[in-house]
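[1] coordinates for the following, if possible.
(chains A and B)
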Amino acid sequence: MSGGSYYVPATSKWPILGSLALGVMMVGTGMVLVHGRGTVITLVGLVAVIAVMALWFRDVVVESRSGLYDAQMDRSFRWGMGWFIFSEVMFFAAFFGALFYVRTFAVPWLAGEGTKGATALLWPEFVAHWPLLSPPDPSVAGPSQVFSPWHLPLVNTLILVSSSITLTVAHEALKEGKRKICRNWLAGTILLGLTFIVIQGVEYYEAYAHYGITLQAGIYGATFFILTGFHGVHVIVGTLILIVMLFRVMRYHFSPEDHFGFEASCWYWHFVDVVWVGLFLFVYVF
Amino acid sequence: MAPKVPPQPTLEQSTTAAEAGHGHAHEAPPKGIMRWLLTTNHKEIGSMYLIFSLIMFFIGGIFALVVRLELFQPGLQFVNPEFFNQMTTMHGLIMVFAAVMPAFTGLANWMIPLQIGAPDMALPRLNNFSFWLLPVAFGLLLSTLFMPGGGPNFGWTFYAPLSTTYAPPSTTFFILSLHIAGISSILGAINIIATILNMRAPGMRMMDMPLFVWTWLITSFLLIAVMPVLAGVITMMLMDINFGTSFFDASGGGDPVLFQHLFWFFGHPEVYIMILPAFGIVSAIIPAFARKRLFGYASMVYATAAIAVLSFLVWGHHMFVVGMPLAGQLFFMYATMLIAVPTGVKVFNWVATLFRGSISFEPPMLFALAFVVLFTIGGFSGLMLAIAPADFQYHDTYFVVAHFHYVLVPGAIFSIMAAVYFWLPKWTGHYPNVRLSQWHFWLSVISVNLTFFPMHFSGLAGMPRRIPDYALQFADFNLVSSIGAFMFGFSQLLFVAVIVMCVRGGKKAPAAAWGEYADDLEWSVPSPAPLHTFETPPTFQRPAH
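    Prediction:
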């Protein structure tokens, strides 16, 4: 284990400021949703949260670069990041679980399948189908059509899978001390990430403008947007993380042996990639 | 890997060198309130967790007493049904998320670094962040009581569509506050796992760890696995309420039962989150006062792990009456009964530890023994509830209320009190006042049974839970329950008195405050434990016994 050099910071103002900032943001969000006003409070909170995160991470970077961290600290970060990603996996698992439950049980039961199908009495005309274009209650307008997986979604799949490969190339370059190559492949990864976000934006526009896939379009729209939406947010966050990494690489942070900040970003990006493959399969293809 | 020199020094490097020494040495901590706001010390953060949870315990307790006051006799006397619903809901939410969970996290903060010989938690700043999210979260939650339409009124399980279509406007704030509390739990659990896996003293293997550490390791895993699912399900509620989605609305193809599946996938591991650390505490206290080694250490570890694994497979037993296929009912029924096996192993081991021990009845031991007996009663009523056909009768009656209060009050909360009495000498350097502690114990143990035992009978006779009025035949049972509840509530003032007196003075405690059988690493540091301990890791000696 350690030789007694584990770094314990004496005090820090970021935790308390961070929790206050998050509180302000949440109160603002609640006010916007419930009372229709409070946008300013939400934005102030959001900016404060981002500022605290930036300053907190800055402290950690500075400490790391001044050699305060030992191998044991490195392991703490590794465990921390690993379990954080596991918590993210479980977050998406809830939404995937909802999708599977609805497709396997709820919709067929609404159409009278199963021995306990009392819900079938509600809308006797309803016929189970997926993608659910005609929700049970005629007052809920379902989507007019759904996306073909072999157009934009396939393009996005190729983009995101390639981005995992380019990021790995960048990481290998960093491990060999080839900083310029690392920078270029990392920049390429970021471009792929940005392209993905733009294409996803186009798809959302198409969904609302031409496909009738909206949040209100019954359970298909709900599961579609909660899965792709949270994934999209994660891609945006991941891209921001990679942009920070790009700046750090260009400022000669990281060494071939010691670059867990970079590696953790890679872990996160691969995780986002894997989630997308699940999305592509279960939201678009099957 | 060794601290390294960056490949090319930059301008920034000169400033970092100046800051390198900053914070590493122990400067005098900031004075006054700032010390507590900015601290990264596991002991100070642990104390804040414990004090926070004690305050919330009283707030949640006041809500419970409002409920018991109304139920003292049939008819509507003191509060209207709408407010009664808010009280039952808030009582549950506060006790689960703001009292029991933070109390265990506080104990983990204080004791895990001491028990494994670590200088602090693995991620000290994150630790402080986890704590300070709690006052924000529960300040927001409590504020919903003053919002138009009142606070959450749909029970702590917040089933859709009661919590979506028919919910008060404040529900959005309730969801956001629960998000903050969830972030706090996840970050706290990540920190505890990293600490246990990475910060043990040289020579301490996993199977050398005290059971409190083991149970918390497994609890942290449960937290990280299920708190995100809770975040997911409340996000779906938020969408249903504010953005017109139909996750829990059958008219759009969703299903209210989906809510229950997701909620209980979180909710059942959650109840083990609230009891596994209790197992660890009791496993530390019983050997200390029976003056024997713990019987079956390894089987305790495996039993805890088995309970944790099974806890992911039994959520459906909360939902037998919603219309579940027969195969589902059978699966969840048998899986649930299976949990009795590892739990039985634990109870057996505690009893076997007591067997032919040289037992003395200090305050922590009193609570630990009461835990073993009364938690087991709660476990048995759980076994009755696991039987699907029988559950059709028990469901949503006071029998269920009796069951989970037996595992939570004389279970989880008694274990927390036992832990406080056990470790107060380490925290304060003084033994708690024995006479007052005994009064606290006997009043608590009598009144807790007075409160909850009659609920078994009223429940079996058919009294529904969460209803402010009841039929006349339940009057006597409810009268007894209400008297017991008020006794229990006011007895807890003695607990506060003992703690305050112990902080201020009392019989001095040595380093090994409870004798040679309480020999985990925390008893090797002075009492009270200095602010910084194990800055140089101790060498762990495996006990010779």
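[2] only C-alpha atoms for contact and neighbour calcs from this point on.
    OK.
[3] can you check which helix is longest in the chain?
    Using chain A here. helix A:218-250 (DSSP state H).
[4] look at chain B instead
    helix B:211-243.
[5] so is that helix next to chain A?
    Yes - using CA under 8 Å from any CA of the partner chain as the criterion, contacts between helix B:211-243 and chain A involve B:224-229, B:231-233, B:242-243.
[6] are any of those buried, and if so which?
    By neighbour count, with 16 or more other CA atoms under 10 Å in any protein chain shown, the residues of helix B:211-243 next to chain A hold B:224-229, B:231-233 as buried.
[7] and for the nearest residue to A:T223 once chain neighbours are set aside, the neighbour number?
    Spatial nearest neighbour of A:T223, chain neighbours left out: A:L99 (6.2 Å); criterion: CA to CA, 6 or more residues apart in numbering or on different chains. A:L99 has 24 neighbours, counted by other CA atoms under 10 Å in any protein chain shown.
[8] please report how far the closest residue to chain A within the stretch 51-200 of chain B lies from A:T11.
    Nearest residue of the stretch 51-200 of chain B to chain A: B:F129, at 4.2 Å (CA to the nearest CA). From B:F129 across to A:T11, the span is 12 Å (CA to CA, to the nearest Å).
[9] comparing the two, which residue is more hemmed in?
    For B:F129 and A:T11, the more surrounded residue by other CA under 10 Å is B:F129, and the numbers stand at 28 against 24.
[10] test my guess that the residue nearest to A:T223 contacts A:F225.
    No - counting by CA atoms under 8 Å, A:L99 stays clear of A:F225, with 11.4 Å between them.
[11] quick check: which element contains residue 54?
    In the absence of a named chain, chain A is used. Assigned by DSSP states H and E, A:A54 falls within helix A:39-65.
[12] um, chain B though
    Assignment of secondary structure by DSSP H and E places B:L54 within helix B:42-70.
[13] quick one: average confidence on that helix?
    Regarding helix B:42-70, the rounded mean pLDDT is 98.
[14] in that helix, what's buried?
    B:42-54, B:56-70.
[15] what's the following helix or strand after it?
    Using DSSP H and E, the helix or strand that follows helix B:42-70 in sequence is helix B:81-93.
[16] is the helix or strand just after that next one in proximity to chain A?
    Using DSSP H and E, the next helix or strand after helix B:81-93 towards the C-terminus is helix B:101-116. No - judged by CA under 8 Å from any CA, helix B:101-116 and chain A are separated, with a smallest distance of 11.9 Å.
[17] tell me what whichever helix or strand B:W439 is part of is packed against?
    Secondary structure from DSSP H and E places B:W439 in helix B:434-460. Counting contacts by 3 or more CA pairs under 8 Å, 6 or more residues apart in numbering or on different chains; DSSP states H and E, helix B:434-460 packs against helix B:363-386, helix B:388-394, helix B:398-407, helix B:475-504.
[18] of all those helices, which one is nearest A:H234?
    Set against A:H234 and scored by CA to CA, the helices and strands packed on helix B:434-460 come closest in helix B:398-407, at 38.3 Å.
[19] how far off centre is the closest one?
    16 Å (CA atoms, centre = their mean, to the nearest Å).
[20] would you list the phi and psi of B:H430?
    The phi/psi pair for B:H430 (degrees, to the nearest 10) reads phi -120, psi 150.
[21] can you pull the contacts of it?
    With contact set as CA atoms under 8 Å, 6 or more residues apart in numbering or on different chains, B:H430 has these partners: B:424, B:502-503, B:505-509, B:527-528.
[22] and whichever strand or helix holds A:A173, what other elements does it pack with?
    Using DSSP H and E, A:A173 falls within helix A:152-175. Packing partners of helix A:152-175 (3+ CA pairs under 8 Å, 6+ apart): helix A:179-206, helix A:260-279.
[23] what mean pLDDT does it get?
    For helix A:152-175, mean pLDDT is 97.
[24] which residues are contacting that helix?
    Residues outside helix A:152-175 that contact it (CA under 8 Å, 6+ apart): A:179, A:181-186, A:188-190, A:192-193, A:195-196, A:199-200, A:203, A:255-257, A:262-263, A:266, A:269-270, A:273, A:276-277, A:280, A:284.
[25] and residue 175, how many neighbours does it have?
    Just going to use chain A. By other CA under 10 Å, 17 other residues sit near A:K175.
[26] the intended chain is chain B.
    Counted with other CA under 10 Å, residues neighbouring B:I175 total 21.
[27] the closest residue to it other than its chain neighbours and B:S220, how far apart?
    Spatial nearest neighbour of B:I175, excluding adjacent residues (CA to CA, 6+ apart): B:I234 at 6.1 Å. Using CA to CA, B:I234 is found at 21 Å from B:S220.
[28] per-residue pLDDT, whatever residue of the stretch 201-350 of chain B ends up closest to chain A?
    Closest residue of the stretch 201-350 of chain B to chain A, CA to the nearest CA: B:G252 (4.0 Å). Here the pLDDT value assigned to B:G252 is 95.
[29] that one against A:L133, yeah?
    No - the pair B:G252 / A:L133 is not scored as a contact, 10.1 Å apart, by CA under 8 Å.
[30] higher neighbour count, those two?
    A side-by-side neighbour count of B:G252 and A:L133, using other CA under 10 Å, places B:G252 first with 29 against 21.
[31] spatially nearest residue to the more buried one, not counting backbone neighbours?
    A:G218 (4.0 Å).
[32] ok, back up a step: out of the helices and strands packed on helix A:152-175, the one nearest chain B is which?
    With CA to the nearest CA as the measure, helix A:179-206 is the member of the helices and strands packed on helix A:152-175 nearest chain B (10.4 Å).
[33] show me what contacts the nearest residue to B:N153 once chain neighbours are set aside?
    Nearest non-adjacent residue to B:N153, counting by CA to CA, 6+ apart: B:Q86, 4.2 Å away. Neighbouring residues of B:Q86 by CA under 8 Å, 6+ apart: B:145, B:150-155.
[34] how close does A:F271 sit to A:V277?
    Using CA to CA, we find A:F271 at a distance of 10 Å from A:V277.
[35] give me the three-state assignment for A:R37.
    Secondary structure, DSSP: H, G, I helix; E, B strand; the rest coil: A:R37 is coil.
[36] actually B:P510, sorry about that
    Applying three-state DSSP: B:P510 is coil.
[37] and it, how many neighbours?
    19.
[38] doesn't B:S524 make contact with it?
    No - the pair B:P510 and B:S524 does not pass the contact test of CA under 8 Å, sitting 9.8 Å apart.
[39] low-confidence ranges in the stretch 101-250 of chain A?
    Low-confidence segments of the stretch 101-250 of chain A (pLDDT under 70): A:115-117.
[40] quick check: residues of it near chain B?
    Residues of the stretch 101-250 of chain A lying near chain B by CA under 8 Å from any CA: A:101-102, A:106-107, A:110, A:114-116, A:132, A:135-137, A:140, A:215-219, A:221-223.
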